[in-house]
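> here are the coordinates; sequence isn't available:
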């Protein structure tokens, strides 16, 4: 049976658009011309295979019917690229020009970084599996979780202090943070090496908590630009009796007894913040530092000297705590006292002074170590020969101005 004979020109129609195929016979062979009109101008494409010519005509007719005039006018490789581009964005229902404009703007913002790399980064850190959670809410969630776990009040207070400063600095989602943000936070704090490392440790715990709950990508290292600092022991500095008198004279009534607790009993700042009045009154003549309130987690008893008893007698009682306010307010009150006294504040100098003057007074390293909660080796290495017995006598005689309303709560005792 003979194949059906083709009649030329072959007309391929799509809607109201038509494309014709002509046949040309030449000594070199038979060729087929695909012809169509755009804007009154005739366009022709040549093929030496009829099936390819028909496929071309059908494609052109379809493009003309859809209004893809630019595509119809493309030839060769450009037409292939255009077709691939249309196919690539088909699922997104975007016009090709809109996709190109968006791509161009993104590349400008990325400064040459491949767009797909940026998209992968965003997907890992902000995409699927990462829930939105503000820094403030994440901090509160961690504190609630640690509270439920039964951690100590000391640890919870440290959480609130350090993470409180962090949440005040960043009012955004955890997933929106970048390493530069956290590095800048540490730079603004201007901390001592030890405080820097304490903040670093606390934030590492916080970010791990956020990652476990899906608020931060596990691939994100927000501390990548923050390094642990070397905690070289700072030189031991002490105050002179004259400097202490100026400091106490310029301190507010609510903080003066706290300065006295450090200067005349050697209590650390953290121990003062945890101290209850019951710890002062439980054993007359002594202050009891419970193990859970001491830095070394070891219970100790410190004698209350006559001058310290006077400072404690006039201390305001606004609750069960010796310092009833926040940690921030405590250090601010101390800084204000130093500023008013025109003194340069020396880190831990009140405690250093107590140990130095106490050692000069009684010449007993072991006894001073027990009262201060340090090792005898530490006392001998850092505090020996920093003060004289005469200076010590003056130091432990510093008391508030005498008044009828001062009733010492204890006598000076030296035996435990």
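Structure's in. What do you need? The structure presented is a predicted model; accordingly, all values stated were derived computationally and were not measured.

> top helix in this structure by residue count?
Using DSSP state H, we find that the single longest helix of the chain is helix 193-212.

> for that helix, the distance to its chain's centre please.
Chain-centre distance of helix 193-212: 8 Å, with C-alpha atoms, centre = their mean, to the nearest Å.

> now do stretch 175-185
On the basis of C-alpha atoms, centre = their mean, stretch 175-185 sits 6 Å off its chain's mean C-alpha point.

> same deal with stretch 307-319?
Centroid separation for stretch 307-319 versus its chain: 40 Å, with C-alpha atoms, centre = their mean.

> Can you list the buried residues in it?
By neighbour count on 16 or more other C-beta atoms under 10 Å, the buried set for stretch 307-319 is 307-315. In this view, the C-beta of every residue, glycine as well, is placed from N, C-alpha and C.

> re earlier: excluding its own residues, what touches the longest helix of the chain? List them.
Residues outside helix 193-212 that contact it (C-beta atoms under 8 Å, 6 or more residues apart in numbering) are 133, 138-139, 141-142, 145, 158-159, 162-163, 166, 174, 182, 186, 189, 191, 216-218, 220, 222-223, 226, 228-232.

> Narrow the residues you listed to those in helices?
138-139, 141-142, 145, 158-159, 162-163, 166, 182, 186, 189.

> just to revisit the earlier point, give me the buried positions along the longest helix of the chain.
By 16+ other C-beta under 10 Å, the buried positions in helix 193-212 come out as 196-197, 199-200, 202-203, 206-207, 209-211.

> Pretty sure residue 239 sits against residue 346.
Yes. Taking C-beta atoms under 8 Å as the definition, residue 239 is a contact partner of residue 346 at 6.8 Å.

> quick one on the thing from earlier: any of the contacts of helix 193-212 buried? List them.
Neighbour-count burial (16+ other C-beta under 10 Å) applied to the contacts of helix 193-212 gives 133, 138-139, 142, 158-159, 162-163, 166, 174, 182, 186, 216-217, 220, 222-223, 226.

> where does the residue nearest the centre of the chain land on pLDDT?
Nearest residue to the geometric centre of the chain (C-alpha atoms, centre = their mean): residue 182, 4.6 Å. pLDDT for residue 182: 93.

> For it, give its distance to residue 104.
32 Å (C-beta to C-beta, to the nearest Å).

> Kindly report the same for residue 300.
Residue 300 sits at a distance of 70 Å from residue 104 (criterion: C-beta to C-beta).

> Would you mind giving the ones in helices among the contacts of helix 193-212 as JSON lines with distance to residue 377 added?
Shown next, in JSON lines, are the ones in helices among the contacts of helix 193-212 (distance: C-beta to C-beta, whole Å):
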{"residue": "138", "distance to residue 377": "43"}
{"residue": "139", "distance to residue 377": "40"}
{"residue": "141", "distance to residue 377": "43"}
{"residue": "142", "distance to residue 377": "38"}
{"residue": "145", "distance to residue 377": "40"}
{"residue": "158", "distance to residue 377": "28"}
{"residue": "159", "distance to residue 377": "33"}
{"residue": "162", "distance to residue 377": "31"}
{"residue": "163", "distance to residue 377": "35"}
{"residue": "166", "distance to residue 377": "37"}
{"residue": "182", "distance to residue 377": "38"}
{"residue": "186", "distance to residue 377": "33"}
{"residue": "189", "distance to residue 377": "32"}
